[in-house]
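*Asks:* coords below, sequence missing:
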């Protein structure tokens, strides 16, 4: 996944979270609807100033980063509250549900996870002892079941 696709996922996630249409986002950011569509589809050649106009609505700008892990916003969009297989870098496979994100300085760094074995009891009791914390950097891959 390219850096641009990380931005595309981030914008799409935050637009959905803010309950905005693409048209509303374009209007608020002062860019064209076509630009928003291109941005959310991961077009690789976009004007940085316009990308920053959109990101600023969510309190962000483009900056250099050493982050080399899979896009956490893709995880939110495609795997949150769904039955998943999580493949960890240590070759462990977890089966269950991602129930929440963990943030540090407003950046997703990990996940709260409930295994299938504990899902029914957790739904009844919300017992925090049934929840595992998974650092995002330890994840190799996630697949929906």
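*Replies:* Received it, and whenever you're ready, just let me know what you need. All values derive from a computational prediction rather than experimental measurement.
*Asks:* switch to C-alpha atoms for all contacts and neighbour counts from now on
*Replies:* Fine.
*Asks:* Surely residue 108 is in a strand?
*Replies:* Yes - assigned with DSSP: H, G, I helix; E, B strand; the rest coil, residue 108 falls within a strand.
*Asks:* pLDDT value on it, please?
*Replies:* pLDDT, residue 108: 89.
*Asks:* That one: neighbouring residues, count only.
*Replies:* 16 (other Cα atoms under 10 Å).
*Asks:* Tell me the bridge partners for it.
*Replies:* Beta bridges link residue 108 to residue 103 when assigned by DSSP bridges.
*Asks:* what helix or strand is residue 43 on?
*Replies:* Using DSSP states H and E, residue 43 sits in no helix or strand.
*Asks:* So what touches stretch 55-64?
*Replies:* 11, 14, 28, 29, 51, 52 (Cα atoms under 8 Å, 6 or more residues apart in numbering).
*Asks:* just to confirm, which helix or strand has residue 50 in it?
*Replies:* Here residue 50 is assigned to helix 48-56, by DSSP H and E.
*Asks:* Quick one: mean pLDDT for that helix?
*Replies:* Mean predicted lDDT for helix 48-56 stands at 91.
*Asks:* Kindly report the same for stretch 60-71.
*Replies:* Here the average pLDDT along stretch 60-71 is 61.
*Asks:* go on, stretch 24-39?
*Replies:* 96.
*Asks:* With stretch 9-21 instead?
*Replies:* For stretch 9-21, the per-residue pLDDT averages 92.
*Asks:* in it, what counts as buried?
*Replies:* 9, 10, 11, 12, 13, 15 (16 or more other Cα atoms under 10 Å).
*Asks:* what helix or strand does the residue positioned nearest the centre of the chain sit in?
*Replies:* Here the mean C-alpha position of the chain is nearest to the C-alpha of residue 73 (Cα atoms, centre = their mean), at a distance of 1.2 Å. Assigned by DSSP H and E, residue 73 belongs to helix 72-79.
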